[in-house]
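In: Provide a 3D model corresponding to the input given below.
(chains A and B)
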Amino acid sequence: MSAALELGINAFKEQIDGPVVAFFSSCVRCGLCSQACLFYTETGDPERTPIHKLEPMRRVWQQEYTFWGRLGKALGLSRPVSDAELAEWEPLVYDSCTLCGRCSMVCPVGNDIAYMLRKMREGMAAAGHAPEGLVGATKRAVTLGSPMGVKLPALQTQIRHVEQDLGFKIPVDVAGADYMLLLSSMEIMNFPEFIRAVARIFKHAGVSWTIASEAFEATNSGVQIGVSDIAAELVERIVAAAARLKVKYVISPECGHAYMAIRWEGPNLIGRPYDFKVLHIMELLDQLREAGRLRTTGREVRSLTYHDPCQVARRGGVVQQPRNLLKMIANDFVEMPETGTMNWCCGAGGGVSSNERADGLRLQVFKRKKQQLEAIRPDALVTACSNCRIYLEEGLDEYGMELPVLSLTETLAEHLVDKG
Amino acid sequence: MTTITNDREFRVALDSLDAKRQRLVATRFVESVLPLCTDGRIARAVRVAADPDADYSALTEALRVAKATTLDCHTRCGAEGDWLEQAGYFVARAAVAALTPRCQMPGGMAWQAAMSSRMAQTSKAIVSGEETAGQESEAQYQILAEFLNA
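Out: Alright, predicted model coming up:
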């Protein structure tokens, strides 16, 4: 056994906890999870059945932790997991899964398959079977603080330019602010108008907020690739900045996995509760709406629909808040079939968008989103995740669909009473 | 003689323009930053947008090309960013805004084109380290004033 394979097998063993044992033991092989996974429904390939993607880890569990499995192993009757097998599984685990969690919603015995796939990635990464793109992103996140190599001077320049346009300061490193806003590198690089929109909304609503220069990055490549030590280190940076600035809340921006990582995985990764609360930007904006602190004017004449980012809605529970906000500005809001917690993924989450090898498959499975949109034919598609946003645009372009994709935060800012 | 000195005046003036004049002034904003985009498809799309007599099919095709270019040159999630290339991406986005039918961009095509053009300059400033905040918006005020006074 090679050293890398041994590391991988040991990582699998470390990941096999009570829930994983219960899930493997109770799987009835019904295959319902396949019908919930767009990588199966849009390809028809049975290899892409969610539970099948876990097969190497299931075999390690069986061979190491069950009576009959151990007996079989001792008698040489079972086939050990090999390096070649892990190499074969790599595209199933990373290219064919966005960790969207739809499979977990339909499992009749309640198995959280997405939870297991997240754990499966720990073993795959330890064995050296993770996609090159994700490896590079993770290295940059550790060494530079951003998976896309966005450094503080770049953000400071963006901020100066936005301030110049807006005519007011964007708070950075303000100790004692209520809210600390995180940003994803995708927003800083591809959608800096998000910064402008948030600044305007927060000024309008009188929000006490800041950006932390030591920890502005929201994303967590460690979670996506499946290396908990790195994921924990990235969470610790945010925790330290929040403690230094003594903020009450940390705000996750329009990024799906960032929210899941900092809100739901974070405390488990670092092994202790936070001294602050985490909110997705949609949650905060909805709280402001409820408190009467958001005043909008005019309504969209276009029919709008909303794409629920999986990690925000299904894994995060933020379903009603964006709809409440849309009600403020939409004359004609129309739901796609199978929305909210059962929405279909854009196909680019969970690190798939960082993985160039998966591009063709990602566009192939976009057919499901296309069908959802064709059923209602909206004039514009709104979402609250910058990763979803750019890959929805790509998918729509691939299938020749003319449909603008909008950020909900930016659209809301366009309707503020004090337009500017 | 129209003068524009801030974004509020700038936006009000842009909002008062009809769709065709929005497209034409938006094109001038894009032309101001066009050297930052090395993809020839955007220069061709901008030429179509700048033509006051361009017909619907030419504009539609130019928009399709500009959109495809935008998608080709954005920085993919998790990839190492290059701010000079990113400047080109924002120029492409500005061209898309200039060519998008007004009904699909209620916020204003020209306003969006102006914003994206400013982001292109910001991207360049990140690489050069030069302090250019506010320069592109001043240039845009001038462009719009000249357009309105012509």
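In: Wait, residue A:4 touches residue A:127, no?
Out: Yes - taking Cβ atoms under 8 Å as the definition, residue A:4 is a contact partner of residue A:127 at 5.2 Å. In short, each C-beta sits where N, CA and C put it, glycine included.
In: Residues in contact with both of the two, list them for me.
Out: Both residue A:4 and residue A:127 are contacted by residue A:83, under the criterion Cβ atoms under 8 Å, 6 or more residues apart in numbering or on different chains.
In: Looking at these two, which is more packed in?
Out: residue A:127 (26 against 14; other Cβ atoms under 10 Å in any protein chain shown).
In: And the helix or strand encompassing residue B:87, what does it pack against?
Out: Assigned by DSSP states H and E, residue B:87 falls within helix B:83-99. If contacts are counted by 3 or more Cβ pairs under 8 Å, 6 or more residues apart in numbering or on different chains; DSSP states H and E, helix B:83-99 sits against helix A:185-190, helix B:19-33, helix B:40-50, helix B:56-73, helix B:109-128.
In: Give the buried residues for stretch A:233-252.
Out: A:233-235, A:237-239, A:241-242, A:245, A:247, A:249-252 (16 or more other Cβ atoms under 10 Å in any protein chain shown).
In: Next: stretch A:254-274.
Out: For stretch A:254-274, burial by neighbour count (16+ other Cβ under 10 Å) applies to A:254-266, A:269-270, A:274.
In: ok, of those residues, which one's closest to residue A:323?
Out: Residue A:323 has its nearest neighbour among the buried residues of stretch A:254-274 in residue A:254, at 15.6 Å by Cβ to Cβ.
In: you'd agree that closest one is in a strand?
Out: No - secondary structure assignment (DSSP: H, G, I helix; E, B strand; the rest coil) places residue A:254 in coil, not in a strand.
In: Same list (the helices and strands packed on helix B:83-99) but as a markdown table, adding distance to residue B:135, mean pLDDT and mean neighbour count.
Out: Formatted as a markdown table, these follow (distance: least, Cβ to Cβ, whole Å; pLDDT from 0 to 100; neighbours: other Cβ atoms under 10 Å in any protein chain shown):
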| stretch | distance to residue B:135 | mean pLDDT | mean neighbour count |
| --- | --- | --- | --- |
| helix A:185-190 | 21 | 94 | 28 |
| helix B:19-33 | 11 | 97 | 22 |
| helix B:40-50 | 21 | 97 | 19 |
| helix B:56-73 | 23 | 94 | 18 |
| helix B:109-128 | 7 | 95 | 25 |
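In: between those, which gets nearest to residue A:221?
Out: Of all those, it is helix A:185-190 that lies closest to residue A:221, at 10.0 Å by Cβ to Cβ.
In: can that closest one be found next to chain B?
Out: Yes - with Cβ under 8 Å from any Cβ of the partner chain as the criterion, chain B is reached by helix A:185-190 at A:185, A:186, A:189, A:190.
In: What are the phi and psi values at the residue nearest to residue A:329 when sequence neighbours are not counted?
Out: Counting by Cβ to Cβ, 6 or more residues apart in numbering or on different chains, residue A:329 lies nearest to residue A:415, which is 4.6 Å off, once chain neighbours are set aside. Main-chain dihedrals, residue A:415, degrees, to the nearest 10: phi -100, psi 10.
In: Tell me if I'm right that residue A:415 and residue A:295 touch.
Out: No - using Cβ under 8 Å, residue A:415 makes no contact with residue A:295, being 9.3 Å away.
In: The two: which has the busier surroundings?
Out: Ranked by neighbour count (other Cβ under 10 Å), residue A:415 and residue A:295 place residue A:415 first, with 20 against 13.
In: in the helix holding residue B:87, what's buried?
Out: Neighbour counts over helix B:83-99 (16+ other Cβ under 10 Å) mark B:83, B:85-99 as buried.
In: do the same with stretch A:98-110
Out: By neighbour count with 16+ other Cβ under 10 Å, stretch A:98-110 contains the buried residues A:98, A:99, A:100, A:101, A:102, A:103, A:104, A:106, A:107.
In: Now intersect these with the strands, please.
Out: Using DSSP state E, no member of those sits in strands.
In: Return the closest of those with respect to chain B.
Out: When the buried residues of stretch A:98-110 are compared for distance to chain B (Cβ to the nearest Cβ), residue A:98 comes out closest, at 11.9 Å.
In: wouldn't the closest one be in contact with residue A:344 here?
Out: No - using Cβ under 8 Å, residue A:98 is not in contact with residue A:344; the gap is 10.3 Å.
In: For the most far-flung residue of chain B relative to its centre, which non-adjacent residue is spatially closest?
Out: Most distant from the centre of chain B: residue B:78, at 26.2 Å, with distances by Cα atoms, centre = their mean. Using Cβ to Cβ, 6+ apart and skipping residues adjacent in sequence, the residue nearest residue B:78 is residue A:354, 2.9 Å away.
In: Name all residues that make contact with the one you found.
Out: So residue A:354 contacts A:131, A:133, A:134, A:137, A:147, A:221, A:224, B:76, B:77, B:78, B:79 (Cβ under 8 Å, 6+ apart).
In: Could you name the helices and strands sitting against the host helix or strand of residue A:236?
Out: In this assignment (DSSP H and E), residue A:236 forms part of helix A:228-245. In terms of contacts (3+ Cβ pairs under 8 Å, 6+ apart), helix A:228-245 is packed against helix A:132-144, strand A:179-181, helix A:221-225, helix A:266-270.
In: can you tell which of those is closest to residue A:323?
Out: Distance to residue A:323, taken as Cβ to Cβ, is lowest for strand A:179-181 among the helices and strands packed on helix A:228-245, at 22.5 Å.
In: Okay, now the sheet partners of that closest one, with direction.
Out: Sheet pairing for strand A:179-181, assigned by DSSP bridges, gives strand A:209-210 (parallel), strand A:249-252 (parallel).
In: mind saving the C-alpha coords of the last one as PDB?
Out: Only the C-alpha atoms of strand A:249-252 are listed here, as PDB (Å, rounded to 0.1, in the frame of the first residue of the first chain):
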ATOM      1  CA  TYR A 249     -22.700  39.300  14.000                       C
ATOM      2  CA  VAL A 250     -20.700  38.000  11.000                       C
ATOM      3  CA  ILE A 251     -22.500  38.300   7.700                       C
ATOM      4  CA  SER A 252     -22.000  35.800   5.000                       C
END
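In: Is there contact, residue-wise, from the helix or strand following that strand to chain B?
Out: Using DSSP H and E, the helix or strand that directly follows strand A:249-252 along the chain is helix A:256-259. No - contact of helix A:256-259 with chain B (Cβ under 8 Å from any Cβ) is absent, the minimum separation being 9.8 Å.
In: need the residues of the stretch 301-420 of chain A near chain B, please.
Out: For the stretch 301-420 of chain A, the contact set with chain B under Cβ under 8 Å from any Cβ comprises A:301-302, A:348, A:351, A:353-354, A:356, A:379-380, A:387, A:390-391, A:393-394, A:397, A:402, A:404, A:414, A:419-420.
In: Quick one: buried ones out of these?
Out: Neighbour counting over those (16+ other Cβ under 10 Å) leaves A:302, A:348, A:351, A:353-354, A:379-380, A:387, A:390-391, A:393-394, A:397, A:404, A:414, A:419-420 as the buried ones.
In: Helices - which of the residues you listed land there?
Out: Taking DSSP state H, the ones among those that sit in helices are A:387, A:390, A:391, A:393, A:394, A:397, A:414.
In: Do you know the pLDDT at the one residue in chain B that gets nearest to chain A?
Out: Chain A sits closest to residue B:78 of chain B, with a gap of 2.9 Å, by Cβ to the nearest Cβ. What the model reports as pLDDT for residue B:78 is 89.
In: so it is in which element?
Out: Following DSSP H and E, there is no helix or strand that holds residue B:78.
In: looking at it, it is touching residue A:139, isn't it?
Out: No - in this structure residue B:78 lies outside contact range of residue A:139 using Cβ under 8 Å: 10.8 Å.
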